[in-house]
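S.K.: Pasting a predicted model and its sequence here:
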Amino acid sequence: MEERKTRLPFRHLTWTDRLKMEKLLKEGHSTREIAQALHTTVQTINREKKRGETVQMDSELNIRTVYLADTADRKYRENLRAKGPELKIGNDRELADFLEKKITEEKFSPEAALAAAKREGKMKTTSICVNTLYSYIRKGVFLSLSMKDCPQGGKKKVKKQGVRRAKKAPNGDSIEQRPKEVDTRETFGHWEMDTVVSAKDTSLKRLLVLSERKTKQEIIELMMNGETSSVIKAINRIERKLGRQNFKKIFQTITVDNGTEFADCDGIQKGRGRTERTHLYYCHPYRSGERGLNENSNRLIRRHWPKGTSFEKITESQVKAVQEWINNYPRGALNHDCSNDRFIKELAAMGIEWPPAA
């Protein structure tokens with residue numbers, strides 16, 4: 001097991017640091033050597049070098065670009081004034097370190113990181129909002145945190161939904177027939193289901209992702225391939241853990257797209273029994289927004305396994321670790337509660353234990 005690297009403390013470079021850096025650069029030291037000498041990161045030194053770039057002309061009229069501590073310090077002071085009042089987070093290293101770790105190591109968004117900080121009592125002396133945190137990140141206040149570490153760079157991707165007619169009828173009921181109460185997300189027990197695929201031509205393995213619309217709870221099952229039989233087997237595994245009666249209470253409806261893996265409507269709805277254990281509804285073609293929760297959940301999964309990742313060596317335990325991470329992730333739609341807490345409360349009201357006995 002690799003030894004975990006010690007994280008460097010959050011701090012700004014001082015005037016003395018800049019003078020030392022100027023001297024080391026003139027002596028020909030590398031960026032890594034300077035970072036070690038100043039007890040900071042290579043990224044910080046690279047940003048500092050860019051800040052202090054100064055064009056000079058030597059005695060032979062040659063133009064060259066050098067780092068000057070004076071230039072860097074002046075620009076630093078100018079940036080501080082441009083930011084307005086003194087940085088709230090400037091003297092709260094514990095909070096800064098906490099937020100930086102949550103975003104860079106634990107793959108939290110800035111909003112979720114702030115919610116975690118509030119929940120864990122890290123904002124007793126300093127309080128900042130999401131917009132302020134994004135501003136700090138953009139302006140380079142943190143040593144090792146940049147917008148590249150933020151999901152989607154802090155911008156929400158808006159997909160244009162085209163309107164296309166289906167070429168054939170779905171194998172089961174259309175979403176148009178789904179009870180209207182499901183749309184409000186106020187009733188528990190209604191799920192969306194989708195698959196996340198491996199990198200092309202590297203593995204047949206897929207992830208079956210179920211998302212409960214009210215609590216945002218996730219259940220992720222590893223499948224060996226994208227065949228309908230694999231979907232049914234995964235649903236059967238969940239049913240065996242819960243028992244059929246509990247399964248029917250928890251999974252009242254499931255909404256899916258028109259993918260071939262969901263083509264066996266009767267097999268998914270009934271499994272090995274003769275009666276329905278759940279009811280399937282099919283979305284309109286090319287309307288992923290009708291399963292918007294699935295889309296959001298898949299983006300959370302992709303923080304751990306970006307597109308292009310092969311699932312060939314992914315294990316069941318790794319899948320369940322990501323499932324647990326998502327279910328304990330502060331969700332803005334839940335007022336920054338975790339889906340796990342909401343889900344367990346719903347089950348407790350029905351007298352169902354979670355997690356189910358093995």
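M.R.: In hand now; what should we look at? The shown structure was predicted, so the numbers you read here are calculated from the model rather than taken from an experiment.

S.K.: Next, count neighbours for the residue nearest to Thr278 when sequence neighbours are not counted.
M.R.: Spatial nearest neighbour of Thr278, chain neighbours left out: Phe251 (4.3 Å); criterion: C-beta to C-beta, 6 or more residues apart in numbering. (Each C-beta comes from the backbone N, C-alpha and C, glycine too.) Neighbourhood size, Phe251 [other C-beta atoms under 10 Å]: 22.

S.K.: same question, Glu78
M.R.: Around Glu78 there are 10 other residues, counting by other C-beta under 10 Å.

S.K.: Could you list every helix and strand in contact with the worst-scoring helix or strand of the chain on mean pLDDT?
M.R.: Scoring the helices and strands of the chain by mean pLDDT, DSSP states H and E places helix 69-82 at the bottom, with a mean of 76. On a contact count with 3 or more C-beta pairs under 8 Å, 6 or more residues apart in numbering; DSSP states H and E, helix 69-82 meets helix 15-26, helix 42-51.

S.K.: now those in a markdown table, with mean pLDDT?
M.R.: What follows is the helices and strands packed on helix 69-82, written out as a markdown table (pLDDT from 0 to 100):
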| stretch | mean pLDDT |
| --- | --- |
| helix 15-26 | 89 |
| helix 42-51 | 89 |
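
S.K.: Is it possible to get CSV of those helices that adds distance to Met350 and mean neighbour count?
M.R.: Putting the helices and strands packed on helix 69-82 into CSV (distance: least, C-beta to C-beta, whole Å; neighbours: other C-beta atoms under 10 Å) gives the following:
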stretch, distance to Met350, mean neighbour count
helix 15-26, 60, 16
helix 42-51, 50, 18
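
S.K.: quick one, what contacts Asp17?
M.R.: By C-beta atoms under 8 Å, 6 or more residues apart in numbering, the contact set of Asp17 is Leu38.

S.K.: which stretches of this structure form helices?
M.R.: Taking DSSP state H as the test, the helices found in the chain are 15-26, 31-38, 42-51, 69-82, 93-104, 110-119, 130-138, 228-242, 244-250, 265-270, 292-304, 316-327, 339-349.

S.K.: Dump those helices into a markdown table; add distance to Gly189 as well.
M.R.: Listed next are these as a markdown table, based on distance: least, C-beta to C-beta, whole Å:
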| stretch | distance to Gly189 |
| --- | --- |
| helix 15-26 | 58 |
| helix 31-38 | 54 |
| helix 42-51 | 47 |
| helix 69-82 | 52 |
| helix 93-104 | 32 |
| helix 110-119 | 26 |
| helix 130-138 | 32 |
| helix 228-242 | 12 |
| helix 244-250 | 6 |
| helix 265-270 | 15 |
| helix 292-304 | 14 |
| helix 316-327 | 17 |
| helix 339-349 | 8 |
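
S.K.: low pLDDT regions in the chain?
M.R.: Low-confidence segments of the chain (pLDDT under 70): 1-11, 58, 80-87, 90-91, 143, 152-170, 357-358.

S.K.: any idea which residue sits dead centre in it?
M.R.: Centroid-nearest residue in the chain, with C-alpha atoms, centre = their mean: Leu300, separated by 3.9 Å.

S.K.: which residues touch the closest residue to that one other than its chain neighbours?
M.R.: Closest residue to Leu300 apart from its sequence neighbours, by C-beta to C-beta, 6+ apart: Ile326 at 5.1 Å. Applying C-beta under 8 Å, 6+ apart, we find Ile326 in contact with 218, 220, 297, 300-301, 339.

S.K.: and what of Tyr281?
M.R.: Contact analysis of Tyr281 by C-beta under 8 Å, 6+ apart lists 172-175, 177-178, 253-256.

S.K.: List only buried entries from those residues.
M.R.: 172, 175, 178, 253-256 (16 or more other C-beta atoms under 10 Å).

S.K.: Count the residues that sit near Met57.
M.R.: By other C-beta under 10 Å, the residues close to Met57 number 9.
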